[in-house]
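>>> Need a 3D model of the sequence below.
(chains A and B)
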Amino acid sequence: MFSDFINQFWPASIDGLAFGSIYALIALGYTMVYGVLRLINFAHSEVFMIGTFGAMFVPFTLGIDSTLTGIALVGVILAMIVAGMLASAGTAIALEQVAYKPLRKRGASRLAALISAIGASIFLQELFALVVIPGVFDRPERGRIQMGLPRLMERSELFSIAGHPVRVDQVVVIIAAIGMMIALDALVNRTKIGRGIRATAQNPEAATLMGVDINNIVRMTFLIGGAMAGVAGALYLISYENTNYYIGFLFGIKAFTAAVLGGIGNLRGALVGGIVLGLVENYGAILVGSDWKHVISFTILILVLMFRPTGILGESLQQARA
Amino acid sequence: MGDLTGPNSGIVIPPKNGAKLVFDEYNKTNPSVKIELVEYDSQGDGSKAVGLAQQAIKNDKVAAMIGPAFSGESAQVGPVLEEAQLPSITASATNTKLAQNGWKYWHRILPNDSVQGPGIADFIAGAAASKNAFVIDDKSDYGKPLADAVKGQLETKGVKVTTDSLDPQESDFSSVVNKVAATKPDSIFFGGYYAAAGNLLKQLRDKGVKDAKFFSADGSLDKGLIDGAGAPNAEGALVGCPCYIATADVTDEKVKKFADAYKAAYSADPAIYAAEGYDAATVLVEAVKAGNTTPEKINEFIKTVDLAGVSKQVKFGANGEVEAKDIYMYQVKNGAITLLGKASEAKLG
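Predicted structure coming up:
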């Protein structure tokens, strides 16, 4: 068993990093909305799902059915990421306007918003299975069947670590995810909108008195969180080349776990939580078998929360220094 | 009854189409008793299937059922049908235990996994001459016992076997794939449905596991396997099945007639279990033709039936199992699933 661990350590680490990066990008949406509104946006999993289909739309409309190279490849990948971001951000804002804002205005309890989120989630899944996938993607009666993406990028080996190959697509996912994290961190910590978000998270009333337009900030929060889920959707699609209407469910649960693990409300925590979760899942699977994968990740979550109830990084968005 | 719109509906729609063909043909002859086909979409979910079964019994008052399609839902629906004394014939649920409940109204028109698993294992150890196999299951009521049966038979044949499981809800199987890559097997068997099988096969080939032959069973015998894995990755993959799929080059007159009628009605070649669905429906039509219209009488008729079906000679044993026990092997060639022959006779080209 221990020799298995040594043998499979490097490939497991690379896969864990790549998958963890996707968890982390989705976790950002949970953590940002929680930081600002104290609300768990359970429909965020569907925001991710729609991101994968947004990205799928680009090669689908262009009719690509063979691998690309050079500028064309880079162009298509960038277009897929942008399309994923637009689809997801649009969905997140629509969600906020339809499912949360009316409740917030009437001062409904957070439980009401939670139910609203679950309802929106089921609605979006079925909307895609029954209308969007059969209609937009020309798959009548096959809305519930997994949809594949033709191979865009040759899976060549870029370099190897200790004899284990690292593929181009894995590197693209990890670099793109970390790039987005850095950009987001800068946005929240250095711009005016970022200051607004942090102020609202700390004390919404004081922020209003200081001239912050709370509704606008909430919209921005959903927009940014949604866009990150869109990037995650596009990256997922590029590396796993398939998606379906219920893909958000498991990702949603895992990303939410990652957000809590890292410290909910904390942006860097989402990154740490996502990557830790991705790695732990893969290492655990080597040691006790893949059947125990989920058990291991949730056991780790419980252990971390027992000793650090606020998560690994703990410090939350509202306490972050201005 | 079965998963008519869910992610694995690709292996349930063909038997439904096959059955519908029989009823449509029968009703066209303007018989005194017409047969109405009511569809129940369980989406493969046992709890939904139970609710639908109760609806079928209490509201729709059906006389017999074809299905449920999957083993998991069959285990849950079985007792309900038994209590209501409603005869059923499944055309695709292959879990062995289903026949061991003493159900008097339950029938299965194809061999079960205790026949299928060893049949495929014999092929892996025999025709494919494997020495080092990796067996993966999807933890389902269908995949796990099947994978265990394959593993057991491989071990008695002296093949070294390593095992692991995956969660078909997930899309990243890298932990399983890494384990396979480290073990370097010469054959891989996956017990599960095609949606996961396609993704698994693609990720295996992407990880550089290129030479090991990929085997699976009836749950993966669908074009979805090729779509999911991508045609180059799926090339050469082998799938065993207790089902008989009529391919374009069949010579048998009856099979050809069925294949042509199917193609005319659905503008597609008959796919997995279409022939079994057709045969199950034929049994019911014959029952009605013989003047049996109540569930009780239809059940009596099914027990005594002995007719030459499209897929096999249809005759049920006392436990509800069909007596013919042939397993067929299929291989992906040039992006299409083709019949190799009976598992006991087929050779690898």
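
>>> Domains in chain B, by residue range?
B:9-111+B:268-315, B:114-241+B:327-342 (automatic domain parsing).

>>> Could you point out which of those sits nearest chain A?
Set against chain A and scored by Cβ to the nearest Cβ, the domains of chain B come closest in domain B:114-241+B:327-342, at 3.3 Å. In short, each C-beta sits where N, CA and C put it, glycine included.

>>> Sticking with B:Val177, tell me its helix or strand.
Taking DSSP states H and E as the definition, one finds B:Val177 inside helix B:174-183.

>>> quick check: mean pLDDT across that helix?
With pLDDT averaged residue by residue, helix B:174-183 scores 89.

>>> Residues contacting the helix or strand following it, please?
Scanning forward in sequence from helix B:174-183 by DSSP H and E, the next helix or strand is strand B:187-191. Applying Cβ atoms under 8 Å, 6 or more residues apart in numbering or on different chains, the contact partners of strand B:187-191 are B:120-121, B:124, B:128, B:130, B:132-138, B:142-144, B:146-147, B:150, B:180, B:196-197, B:200-201, B:204, B:209, B:212-217, B:219-220.

>>> Could you see whether chain A lies near the helix or strand just after strand B:187-191?
Per DSSP H and E, the first helix or strand lying C-terminal to strand B:187-191 is helix B:194-206. Yes: under the criterion of Cβ under 8 Å from any Cβ of the partner chain, helix B:194-206 makes contact with chain A via B:Ala195, B:Gly198, B:Asn199, B:Lys202, B:Asp206.

>>> Among the domains of chain B, pick out the one with the most neighbours on average.
Taking mean count of other Cβ atoms under 10 Å in any protein chain shown as the contact definition, the stretch among these with the greatest mean neighbour count is domain B:114-241+B:327-342, which reaches a mean of 22.

>>> Would you mind listing what in chain A touches chain B?
Within reach of chain B by Cβ under 8 Å from any Cβ, chain A has these residues: A:4, A:7-8, A:11-12, A:15-16, A:19, A:129, A:141, A:143-146, A:148, A:150-151, A:155, A:165, A:167, A:236, A:240-242, A:244, A:246-247, A:249-250, A:281-282, A:285-286, A:289-291, A:293-294.

>>> can I get the CA coordinates of stretch B:136-151 in PDB?
Coordinates of each C-alpha in stretch B:136-151 appear next as PDB, following Å, rounded to 0.1, in the frame of the first residue of the first chain:
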ATOM      1  CA  ILE B 136     -13.300  -1.900 -12.000                       C
ATOM      2  CA  ASP B 137     -16.900  -1.600 -10.900                       C
ATOM      3  CA  ASP B 138     -19.300   1.400 -10.500                       C
ATOM      4  CA  LYS B 139     -20.600   0.200  -7.100                       C
ATOM      5  CA  SER B 140     -24.100  -0.200  -8.500                       C
ATOM      6  CA  ASP B 141     -26.400  -3.200  -8.000                       C
ATOM      7  CA  TYR B 142     -25.500  -4.100 -11.500                       C
ATOM      8  CA  GLY B 143     -21.800  -3.300 -11.800                       C
ATOM      9  CA  LYS B 144     -20.500  -4.700  -8.500                       C
ATOM     10  CA  PRO B 145     -21.800  -8.300  -8.600                       C
ATOM     11  CA  LEU B 146     -20.900  -8.500 -12.300                       C
ATOM     12  CA  ALA B 147     -17.300  -7.300 -11.700                       C
ATOM     13  CA  ASP B 148     -17.100  -9.700  -8.800                       C
ATOM     14  CA  ALA B 149     -18.200 -12.600 -11.000                       C
ATOM     15  CA  VAL B 150     -15.600 -11.600 -13.700                       C
ATOM     16  CA  LYS B 151     -12.900 -11.400 -11.000                       C
END
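
>>> Not counting that stretch itself, show me its contacts.
With Cβ under 8 Å, 6+ apart as the criterion, stretch B:136-151 contacts A:291, B:70-72, B:75, B:93-97, B:113-114, B:116-118, B:120-121, B:124, B:135, B:161, B:163-168, B:176, B:180, B:188-193, B:196, B:200, B:217, B:219.

>>> What about those, which are in helices?
Members of the contacts of stretch B:136-151 lying in helices (criterion: DSSP state H): B:71-72, B:75, B:113-114, B:116-118, B:120-121, B:124, B:176, B:180, B:196, B:200.

>>> And the furthest pair within those residues?
Every pair in the ones in helices among the contacts of stretch B:136-151 was compared (Cβ to Cβ); the two farthest apart turn out to be B:Ala75 and B:Val180, at 30.2 Å.

>>> what's the residue most central in space within chain B in contact with, if anything?
Nearest residue to the geometric centre of chain B (Cα atoms, centre = their mean): B:Ser92, 3.8 Å. Contact analysis of B:Ser92 by Cβ under 8 Å, 6+ apart lists B:Gly2, B:Ile11, B:Val12, B:Pro15, B:Ala69, B:Phe70, B:Leu110, B:Asp218, B:Cys243, B:Ile272, B:Tyr273, B:Glu276.

>>> Look at it and report its pLDDT.
pLDDT, read off for B:Ser92, is 88.

>>> Run through the helices of the stretch 1-150 of chain B in chain order.
Counting by DSSP state H, counting those that start in this stretch, the stretch 1-150 of chain B forms helices over residues B:13-28, B:46-58, B:71-84, B:113-125, B:143-156, given from the N-terminal end onward.

>>> Going along the chain from the helix or strand harbouring A:Val231, find the next helix or strand for me.
In this assignment (DSSP H and E), A:Val231 forms part of helix A:214-240. Later in the chain than helix A:214-240, the nearest helix or strand by DSSP H and E is strand A:242-243.

>>> State the paired neighbours of that following strand in the sheet, together with their directions.
strand A:147-148 (antiparallel) (DSSP bridges).

>>> what residues does the partner strand touch?
When contacts are taken as Cβ under 8 Å, 6+ apart, the neighbours of strand A:147-148 outside the stretch itself are A:Met56, A:Ile133, A:Phe137, A:Arg139, A:Glu241, A:Asn242, A:Thr243, A:Asn244, B:Gly198, B:Asp227, B:Gly228, B:Gly230.

>>> returning to what we had before: quick one: the domains of chain B as TSV, columns for distance to A:Leu86 too.
Putting these into TSV (distance: least, Cβ to Cβ, whole Å) gives the following:
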stretch	distance to A:Leu86
domain B:9-111+B:268-315	31
domain B:114-241+B:327-342	23
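
>>> Mind checking the ones you listed for the one nearest to A:Leu267?
Relative to A:Leu267, the nearest member of these by Cβ to Cβ is domain B:114-241+B:327-342, separated by 24.1 Å.
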